[in-house]
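**Q** the sequence isn't on hand, but the structure is:
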């Protein structure tokens, strides 16, 4: 492990030298002299005296280099049966003009703009236009409930809200303007203006004196040049998917973010200028920020923007069509997407319809990748399947298989090894080194990670840095094997205590998921008078699979592979599992329902009807 070991060692022993070298891939108006400001721990700052503009590095730089006619964004929307290509030159023009729109509406450096848009090219333009001005964008997932949108408006206090007349799901059209109106009625802060993108599927009636038509304003706007900003100036605020009542806004800076993402594109994803990356996520999540928008564009790649689903638009071959038609080299999605594809097409028959000869890598993240799903994807695609692990807070991978630096032999169930800059440790509840326990990262965190929470340093300290001083608490548990491979077993609150034995529900899920009839599953710990807690499994079957004998099979498998102490109390076959829109299963919510407690339901839930259908089952 020469190249990786050398890079990792240098990143920890001499981080200034390591990240100074990485920063040379970014173009600066004033290159940083100081790489790391560690004068006020635990608040660290990267490239504190550097000056740059993220939009310039993501767009203008490539046009200036003569690659203006290369595709920057390939928009593919099966839900509207439409496609559109934006070259780097077109993206530059639209971004400069929309920056002019925002400036005309009073937006300046440091001001906030809330973006509430579906997966359309205008969303990318709006994000980049904010970066161009030095304004701070906060993208809220299109379709979020009014109360949640209102909470984010009050927290970020934007001058402008950018929205659309509607978003489009597989079986329905969601009108956005009524949601926006309700949110603004609930909010105490009122944006000065609302920019409205009209979509033909559900045009909206604008409010006179407040609403500005996107297309009209863009046509009249004067283009704006990139504004130099400090590397430590905020680029965006992004609210964590677990946010319930009080928003937790992760801050991302400009300089560290650009350097880290540019480094990751080359060394983690092995994806370079002129190549195509498709991240099948949403711009409302950190994955969309980092690897639909900023990462690919900083590297001069073509990025696919997909407005659709892994199944149902129109079938379980949707992903293969997109990868084939856009000649995708690197694909990135969540494990839950592949479980849905596998559920509907267990043999992978749809694959035979498409040419995937350009596809080199499949990266999966967002939720734990069970070995069975990993094996299915690897065997069907015949390419490296890379499980990697990171968080909204980190902004880029904590652990991965560094395909552009030194590929490692994969190990199912492992996110492979920590990336340079992340000094990953496993500790017990008292902070002492442990073979298995809480995963923490020794400070300082590398560039690109959160420097704090938006206007809430105290909450940043309390949430992440207090439990184990000098370390960032990831909230995940796992272990490192003898070869340095990291295994992330799930959130630490998914560890259950059965008669004094601490068991990982992730380990039990791994066994359940290996059954040939199981498409996906969740294991939760439910209260038990005798043992304290016992594990209970909820299972979704593959298409055509029968539940006969499944209960006995799964209970026997768990006893055999983990032991009698992990014996399943019950197995329920369900139609679907409740998830957030980013693919995380709502285990905590289900656990509360099973125990007779009404846990708050995250605003990020994908389909509330799925959870409603489970209530009676969980409480029985």
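**A** Thanks, I have the structure now. Bear in mind the structure is a predicted one, so any value in this text is a computation, not a measurement.
**Q** and residue 610, its phi and psi?
**A** Note on residue 610: its backbone torsions stand at phi -60, psi -40 [degrees, to the nearest 10].
**Q** quick one: contacts for it?
**A** 575-579 (Cβ atoms under 8 Å, 6 or more residues apart in numbering). Every C-beta, even on glycine, is put in place using the N, C-alpha and C of the backbone.
**Q** please redo it, this time with the cut-off set to 7 Å
**A** Residues near residue 610 by Cβ atoms under 7 Å, 6 or more residues apart in numbering: 576, 578.
**Q** tell me the first helix or strand C-terminal of the least confident helix or strand in the chain by mean pLDDT.
**A** Of all helical and strand segments in the chain, the minimum by mean pLDDT, DSSP states H and E falls on strand 501-504, at a mean of 69. Using DSSP states H and E, the next helix or strand after strand 501-504 towards the C-terminus is helix 505-513.
**Q** buried ones in that following helix, by neighbour count?
**A** Buried residues in helix 505-513, defined by neighbour count with 16 or more other Cβ atoms under 10 Å: 505-513.
**Q** and these, which is closest to residue 265?
**A** Distance to residue 265, by Cβ to Cβ, is smallest for residue 506 among these, at 29.3 Å.
**Q** between the buried residues of helix 505-513, which is nearest residue 17?
**A** residue 506 (37.4 Å).
**Q** residue 64: neighbour count?
**A** By the measure other Cβ atoms under 10 Å, the count of residues near residue 64 is 13.
**Q** residue numbering should commence at 42 henceforth.
**A** OK, 42 is where the count begins now, so the last one is residue 105.
**Q** show me what contacts it?
**A** No residues are in contact with residue 105 under the rule Cβ under 7 Å, 6+ apart.
**Q** phi, psi for it please.
**A** With angles defined as degrees, to the nearest 10, residue 105 sits at phi -60, psi -30.
**Q** could you say which helix or strand holds the nearest residue to residue 51 once chain neighbours are set aside?
**A** Distances taken as Cβ to Cβ, 6 or more residues apart in numbering put residue 59 closest to residue 51, at 4.9 Å, once the chain neighbours are dropped. Secondary structure assignment for residue 59, by DSSP H and E: helix 56-64.
**Q** next, the buried residues of that helix.
**A** Neighbour counts over helix 56-64 (16+ other Cβ under 10 Å) mark 56, 59-61, 63-64 as buried.
**Q** may I ask you to name the longest helix in the protein?
**A** Scanning the chain for the longest helix, with DSSP state H as the assignment, gives helix 129-145.
**Q** which residues are in contact with it?
**A** 96, 100-101, 103-104, 108-111, 113-114, 154, 166-167, 169-170, 173-174, 176, 201, 236, 258-259, 262-265.
**Q** same question, stretch 610-618
**A** Applying Cβ under 7 Å, 6+ apart, the external contacts of stretch 610-618 come out as 561, 563, 567, 575-582, 588, 591-592, 595-596, 626, 651, 654-655, 658.
**Q** and that stretch, what's buried?
**A** So stretch 610-618, judged by 16+ other Cβ under 10 Å, has buried residues 612, 614-615, 617-618.
**Q** domains in the chain, by residue range?
**A** Annotated domains of the chain cover 43-349+429-519, 540-659 [automatic domain parsing].
**Q** pLDDT on stretch 352-371, on average?
**A** For stretch 352-371, mean pLDDT is 97.
**Q** list the buried ones in that stretch?
**A** Of all the residues in stretch 352-371, those buried under the rule 16+ other Cβ under 10 Å are 352-354, 357-365, 367-371.
**Q** what's the span of that stretch from first residue to last?
**A** Distance between the two ends of stretch 352-371: 20 Å, counting by Cα to Cα, to the nearest Å.
**Q** same deal with stretch 193-201?
**A** Terminal residues of stretch 193-201 are spaced 13 Å apart (Cα to Cα).
**Q** residues contacting that stretch, please?
**A** Contacts of stretch 193-201 (Cβ under 7 Å, 6+ apart): 143, 146-148, 152-155, 179, 181, 224, 228-230, 232-234, 236, 278, 280, 288, 290, 495.
**Q** ok, 8 Å please
**A** 143, 146-148, 152-155, 177, 179, 181, 202, 224-225, 228-230, 232-236, 278, 280, 288, 290, 495.
**Q** what ranges in the stretch 542-661 of the chain fall below the confidence cut-off?
**A** 542-543, 623 (pLDDT under 70).
**Q** okay, and residue 178 sits in which element?
**A** Assigned by DSSP H and E, residue 178 belongs to strand 177-180.
**Q** actually, residue 575.
**A** Residue 575 belongs to strand 573-582, assigned by DSSP H and E.
**Q** quick check: buried residues in the helix or strand immediately after that strand in the chain?
**A** On the C-terminal side of strand 573-582, the closest following helix or strand by DSSP H and E is helix 591-602. By 16+ other Cβ under 10 Å, the buried positions in helix 591-602 come out as 591-592, 594-596, 598-599.
**Q** mind listing what the residue nearest to residue 51 touches?
**A** Residue 59 touches 48, 51-52, 461-462, counting by Cβ under 8 Å, 6+ apart.
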